[in-house]
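S.K.: could you look at this predicted model? Sequence included:
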Protein chains: 2
Amino acid sequence: MDALFKALADPSRRTLLDRLHLRNGQTLQELCRDAAMSRQAVTKHLTILKRADLVIPLWRGREKLHYLNPVPLSLMAERWMRKYEEGRLRALFDLKKALEENRPRNL
Amino acid sequence: MDALFKALADPSRRTLLDRLHLRNGQTLQELCRDAAMSRQAVTKHLTILKRADLVIPLWRGREKLHYLNPVPLSLMAERWMRKYEEGRLRALFDLKKALEENRPRNL
DNA sequence: TTGACATGCAACCTTTTAGTTGCATTATAA
DNA sequence: TTATAATGCAACTAAAAGGTTGCATGTCAA
C-alpha cells in the first residue's frame, strides 16, 4: 500500500496514468512525447508505477507496451478510503463542535 | 490536489491520520506518544497535513487540538479516483486482450 | 548481416524530504 | 508572579527522489 501512495505522490506519474487511461497500451516512446523530460526519467517513473502494480508492461517485439492496471486504485478506494468515509460526518461534527466551544487564538 | 497526494505519501502521516480518525481533537503531545520520533518531526508532519487541509488545528489555551478534515479525501475519491473507476473494466479488458495476443519475452 | 530503432543499465548531480538538536515564546497553575 | 508545560522557530544532517548523460543490449527490416 505504501508503494501505491508513493507512486501517486508525483504529478508526472499521475500524468502518465492519465495518458494511459486516455489510451492504453502505449510504448515508452509514445509516453515520452510531450513529456518535458528525458526518456530515462520516464522509464524511472514507469518503474515506480510498475512497482505499485499500477502499470503492467508487455513486450511486443522490441517495443514494450504499458497497460494500466486499475485494481490497486480500486483496493485503495475500498480498503483505505472507505474507512474515513464512514467516520466522515462524525469528523465534521467534531470539528464544528470544537469551533463553537472555542474562542480561538488564531483562525 | 498535489499537496494532498504528497501528504498521503508518507506512512508516518497516514498513521497520524489513522490516530486522529480513532480519536479526534488530539494535542501535539498526545500525537507524540508511541510516535517513535521527536515532537518536532510530528510538528512537521502535521504542518504538511494542514497544508493539504487534511488536519485543522484549534487552540484551546496553551494546547493545540488537531482535528481531522474528511473533505479532501471525499473530493479525491469523487474527482480523481472516480475517473479511473469508470474505465476500470475497459482497462482490464485491454490488458487481458494484450496478454492473449502476445508471445511475451518476459512474464 | 548490418544499420537503425527501442529499451536497459549505471554513474552522477541537485533538490527535497524526514529527521534531529537547541533555544524562544506563550499560557496555565500554584 | 514565577515555575512549568505546550508549542514554535531555525539551523543542521542524512537519505531519498527526480533528473541528466553516456553507453550497452536486443530486435526488426532492408
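M.R.: Done, it's in. Numbers count the residues shown, from 1 in each chain, chains lettered A, B, ... in the order given.
S.K.: flag the shaky bits of chain A, pLDDT-wise.
M.R.: Scanning chain A for pLDDT under 70 picks out the ranges A:102-107.
S.K.: show me what from it comes close to DNA strand C.
M.R.: Residues of chain A lying close to DNA strand C (CB under 7 Å from any atom of the strand) are A:27-29, A:39-40, A:43, A:57, A:62-64, A:105. C-beta coordinates here come from the backbone N, C-alpha and C atoms, glycine included.
S.K.: can you rerun that using 6 Å?
M.R.: By CB under 6 Å from any atom of the strand, the part of chain A that sits against DNA strand C consists of A:27-29, A:39-40, A:43, A:62-64, A:105.
S.K.: where do the helices sit along chain A?
M.R.: Applying DSSP state H to chain A gives helices spanning A:2-8, A:11-22, A:28-32, A:39-51, A:71-75, A:82-86, A:88-101.
S.K.: just want the angle from the longest one to helix B:11-22.
M.R.: Looking back up the chat, that one is helix A:88-101. Per axes from the mean of the first three to the mean of the last three CA atoms, to 10 degrees, the angle that helix A:88-101 makes with helix B:11-22 is 80 degrees.
S.K.: one step back: wait, which of the helices of chain A is closest to residue B:35?
M.R.: Judged by CB to CB, the one of those that comes nearest to residue B:35 is helix A:2-8, at 17.6 Å.
S.K.: buried residues, the closest one. List them.
M.R.: For helix A:2-8, the neighbour count (16 or more other CB atoms under 10 Å in any protein chain shown) marks A:4-8 as buried.
S.K.: any idea how far residue A:72 is from residue A:86?
M.R.: Between residue A:72 and residue A:86 the computed distance is 21 Å (CB to CB, to the nearest Å).
S.K.: which one's more surrounded, those two?
M.R.: Taking neighbours as other CB atoms under 10 Å in any protein chain shown, residue A:72 and residue A:86 compare with residue A:72 leading, 19 against 11.
S.K.: separation between residue A:14 and residue B:78?
M.R.: Plainly put, residue A:14 is 16 Å away from residue B:78 if you go by CB to CB.
S.K.: who's more crowded, those two?
M.R.: Neighbours were counted for residue A:14 and for residue B:78 using other CB under 10 Å; residue A:14 has more, 18 against 10.
S.K.: wait, the more buried one touches residue B:4, no?
M.R.: No: Residue A:14 is beyond contact range of residue B:4, at 11.3 Å (criterion: CB atoms under 8 Å).
S.K.: I'm done for today, thanks for sticking with me.
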